[in-house]
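**Q** This is a predicted model, with the sequence first.
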Amino acid sequence: MKIRCFIRCIVMLIGLLGFMSVQALAAPQDEAGKQLPQIDYLQGVVLKVQPLTQLKKVQGMSGAELVDIRLTAGEETGKEIKVTNYKMDRPGFDLHPAAGDKVIVAVSQEAGGKTYHLADYDRMPYVYVLLGAFALTLIAVGGKVGIKSLFVVCFAIFIILQGMIPLILGRHLNLILATWLTSALIAVVTQITVSGWNAKTWGAIAGTVGGVAVAGLLAVLSIQAMHLTGLDNEEAIMLKVTYLADIDFQEVLFAGIVMGALGAVMDVAISIASAQYEIKSSCPQYGFKELYKAGINVGRDVMGTMSNTLVLAYLGSSLPLLLLLSAQEHVPLLRIVNLNLIATEVARTITGSIGLICSIPLAALATGFFLSQKR
């Protein structure tokens, strides 16, 4: 038991140190050449809001208001400033502050001194509340397993933000290779941390890697065959035009499909492996055939709900698009289904679901094989 715990710690430590080293190497080497104006962002709270009717006739603006703000962070904590908040009748961009609201203030250095602008609402306090509720719920319900689950969630976020993304931006690593490495590392560390070093974990890892590999292969084929560009939303287009002109957004789309399917595939693989592990513990006389059959039966039950989970997740994120298309009754179905955005979502959903389904026999086979061995 001590040896197993030691091996688990070594694996986790190697993974963390490896990606921390990669992240250090992936840091951009040359920041010169991009002389952007320095803008600082400070937190503040709204004290008072007054309408400015005399500015309604400004071109492109539908109105304005004078906002009194007290800064609550930085060197100017406690300072009260006045900011003009312009409105353009654009719901996605207009801010409607009220007294007591927490906001973000953009501070820029200009020739005449500092200039303050109302940037956005300060949503982080409420994000922290949600994160705290999430962590407490995990620990209260799961106990030690909940703590492990919290660790693997943080690990996955850390690897993506501090490993994968810096590799792409700093070293221009091939995005497909970076996605495979990241997915494999997340799958291995997650399964070992949650389930331990045993046959159940090995089978779950094999099922996860196999299912994600199938989803990735289908994603590559779909992107090429359907001529998907990866530029299916405003954020992707903005990145292509401004900062990431040299990056292939078809690879970005591939990475999104694989990372989106990874969580569901891991869930299915560990569910099957855990069921087989418990059956073997209760019935030691069972061999490979019985364990494989049990794993397949469990996988079939899980398959229906998990495939539905992927479909509902993608449909939920695309609900505004569905409403937009449904409201335009004069647009023919042929045109709708051939839109790049629609075809992309279809490919994302179907490839992820197929990868999930393929992980079921793979996990059942691998776990049944490992559990049926004498040692």
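**A** Yep, that arrived. Numbers count the residues shown, from 1 in each chain.

**Q** Could you pull out the helices in the stretch 1-150 of the chain for me?
**A** For the stretch 1-150 of the chain, helices defined by DSSP state H, counting those that start in this stretch occupy the ranges 2-25, 124-142, 144-159.

**Q** Under the pLDDT cut-off, which ranges of the protein? List them.
**A** Filtered on pLDDT under 70, the chain yields the residue ranges 1-37, 53-62, 111-112, 171-173, 233, 374-375.

**Q** And it, what are its domain boundaries?
**A** Here the domain parsing of the chain from automatic domain parsing is 39-122, 174-372.

**Q** Arrange the ones you listed in CSV, one row each, with mean neighbour count and distance to residue 157 as further columns.
**A** For every residue, glycine as well, the C-beta is placed using N, CA and C. Output for the domains of the chain, formatted as CSV (neighbours: other CB atoms under 10 Å; distance: least, CB to CB, whole Å):
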stretch, mean neighbour count, distance to residue 157
domain 39-122, 14, 21
domain 174-372, 18, 10
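
**Q** closest to residue 141 out of these?
**A** Ranking the domains of the chain by proximity to residue 141 (CB to CB) places domain 174-372 first, at 14.2 Å.

**Q** thinking again about what came up before, in a markdown table, list the domains of the chain along with distance to residue 148.
**A** Listed next are the domains of the chain as a markdown table, based on distance: least, CB to CB, whole Å:
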| stretch | distance to residue 148 |
| --- | --- |
| domain 39-122 | 32 |
| domain 174-372 | 5 |
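
**Q** Wait, residue 336 touches residue 325, no?
**A** Yes. Under the criterion of CB atoms under 8 Å, residue 336 makes contact with residue 325 at 5.7 Å.

**Q** Common neighbours of these two, please.
**A** Common contacts of residue 336 and residue 325 (CB atoms under 8 Å, 6 or more residues apart in numbering): residue 342.

**Q** how far out from the middle of the chain is stretch 296-308?
**A** 24 Å (CA atoms, centre = their mean, to the nearest Å).

**Q** Can I get it in CSV, CA atoms only?
**A** The C-alpha trace of stretch 296-308 is given here as CSV (Å, rounded to 0.1, in the frame of the first residue of the first chain):
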residue,chain,number,x,y,z
ILE,A,296,-20.9,-3.5,-21.5
ASN,A,297,-24.3,-3.7,-19.7
VAL,A,298,-23.4,-0.9,-17.4
GLY,A,299,-22.0,1.1,-20.4
ARG,A,300,-25.2,0.7,-22.3
ASP,A,301,-27.2,2.2,-19.5
VAL,A,302,-24.7,5.1,-19.1
MET,A,303,-24.5,5.7,-22.9
GLY,A,304,-28.0,7.0,-23.3
THR,A,305,-27.8,9.7,-20.6
MET,A,306,-24.2,10.8,-21.3
SER,A,307,-24.8,11.2,-25.1
ASN,A,308,-27.8,13.2,-24.2
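
**Q** please begin residue numbering at 42 from this point
**A** Okay, residue one is now 42; in that scheme the one you just asked about reads as stretch 337-349.

**Q** That'll do, ta.
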